[in-house]
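Peer 1: task: produce atomic coordinates for the following.
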Amino acid sequence: MSSLAFRAIKATGSAQRVAAAQNVTRRFAHGEANSHMPFDYSNKRTFAVKASVYMGLGFAIPFVAIWWTWNKPGGIHNTASTP
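Peer 2: Numbering: from 1, shown residues only. Predicted coordinates for the structure are as follows:
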């Protein structure tokens, strides 16, 4: 294969890749760019509060479960009430 033909094939391939990349970046499924998030983060303070509550509840669940297990009737702290 001559170097001229090789250059033509190489240039055509890169041009197709560039065109394909431009088509992908212009296409949005639901309208705007970066609208793929399932929540709205345009108001940073509201987003911070919601994210903190969500993550805080997830972090607190094991501790609440331990507290509930220890303080229920028949638990570690209430051993005298067991029959």
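
Peer 1: quick one: find the helix or strand in the protein with the lowest mean pLDDT.
Peer 2: Within the chain, no helix or strand scores below helix 3-26, which has a mean of 62 by mean pLDDT, DSSP states H and E.

Peer 1: what about I76, which SS state?
Peer 2: Here I76 is coil, with the state taken from DSSP: H, G, I helix; E, B strand; the rest coil.

Peer 1: identify the residue nearest it in space, chain neighbours excluded?
Peer 2: In space, I76 comes closest to W70 once its chain neighbours are excluded; the distance is 4.6 Å by C-beta to C-beta, 6 or more residues apart in numbering. To be clear about C-beta, it is placed using only N, CA and C from the backbone, and glycine gets the same treatment.

Peer 1: and for the one you found, the neighbour number?
Peer 2: As a burial measure, W70 scores 11 neighbours (other C-beta atoms under 10 Å).

Peer 1: so for the helix or strand hosting it, mean pLDDT?
Peer 2: When elements are defined using DSSP states H and E, W70 is found to belong to helix 44-71. Within the predicted structure, the mean pLDDT of helix 44-71 is 93.

Peer 1: contacting residues around Y41?
Peer 2: For Y41, the residues meeting the contact criterion (C-beta atoms under 8 Å, 6 or more residues apart in numbering) are F47.

Peer 1: what's the pLDDT at it?
Peer 2: For Y41, the pLDDT comes out at 76.

Peer 1: does it count as helix, strand or coil?
Peer 2: Under three-state DSSP, Y41 comes out as coil.

Peer 1: now the nearest residue in space to T69 that is not next to it in sequence: how far from A65?
Peer 2: Take T69 and drop its neighbours on the chain: the residue closest to it by C-beta to C-beta, 6+ apart is G75, 5.8 Å away. Distance from G75 to A65, counting by C-beta to C-beta, to the nearest Å: 12 Å.
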